[in-house]
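>>> no sequence on this one, just coordinates:
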């Protein structure tokens with residue numbers, strides 16, 4: 001097949017389709033809400049598919065009024081663990097769209113007839 005035989009209209013349509021798929025995938029990823037927990041559910045962090053922290057819930061059982069310093073340190077540790085867990089879950093969501101995103105990134109678009 002000669003380069004002159006390439007159907008540029010078909011190539012453009014294919015590129016537009018891939019672009020639409022990427023936009024849809026990115027929107028789905030941004031809309032995804034995943035939770036991470038720590039301390040057996042005492043702390044729950046909710047992030048979107050991009051890893052942005054959206055919500056943080058701390059069960060009042062975590063607070064020990066008799067030992068404020070240890071309570072603060074415990075809460076900090078639990079928050080970090082919950083956010084890491086949620087971020088890991090968000091990363092798994094991102095991996096789901098990995099092959100689609102890679103089509104444009106490094107590999108380029110497949111050219112018909114080549």
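It's in. Values in this document were obtained by computation on a predicted structure and should not be read as measured data. Numbers count the residues shown, from 1 in each chain.
>>> what are the buried residues along the host helix or strand of residue 72?
With elements taken from DSSP states H and E, the one containing residue 72 is helix 68-96. Under the neighbour-count criterion of 16 or more other Cβ atoms under 10 Å, helix 68-96 has 74-75, 78-79, 81-83, 85-87, 89-90, 93 buried. C-beta coordinates here come from the backbone N, C-alpha and C atoms, glycine included.
>>> check stretch 47-55 too.
So stretch 47-55, judged by 16+ other Cβ under 10 Å, has buried residues 47-49, 51, 53.
>>> just flag the most distant two among the residues you listed.
The largest distance within the buried residues of stretch 47-55, taken as Cβ to Cβ, falls between 49 and 53 and amounts to 12.5 Å.
>>> between the buried residues of stretch 47-55, which sits nearest residue 8?
When these are compared against residue 8 (criterion: Cβ to Cβ), the nearest one is residue 49, at 34.7 Å.
>>> residues contacting the closest one?
Counting by Cβ atoms under 8 Å, 6 or more residues apart in numbering, residue 49 touches 28-32, 34, 90, 93-94.
>>> switch to 10 Å and redo it
By Cβ atoms under 10 Å, 6 or more residues apart in numbering, the residues touching residue 49 are 25-34, 89-94, 96-97.
>>> kindly report the same for residue 73.
residue 67.
>>> hang on, the earlier thing: in CSV: the buried residues of stretch 47-55, plus pLDDT, distance to residue 15 and secondary structure.
Below are those laid out as CSV (pLDDT from 0 to 100; distance: Cβ to Cβ, whole Å; DSSP: H, G, I helix; E, B strand; the rest coil):
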residue, pLDDT, distance to residue 15, secondary structure
47, 88, 32, strand
48, 85, 28, strand
49, 78, 24, coil
51, 77, 29, coil
53, 87, 35, strand
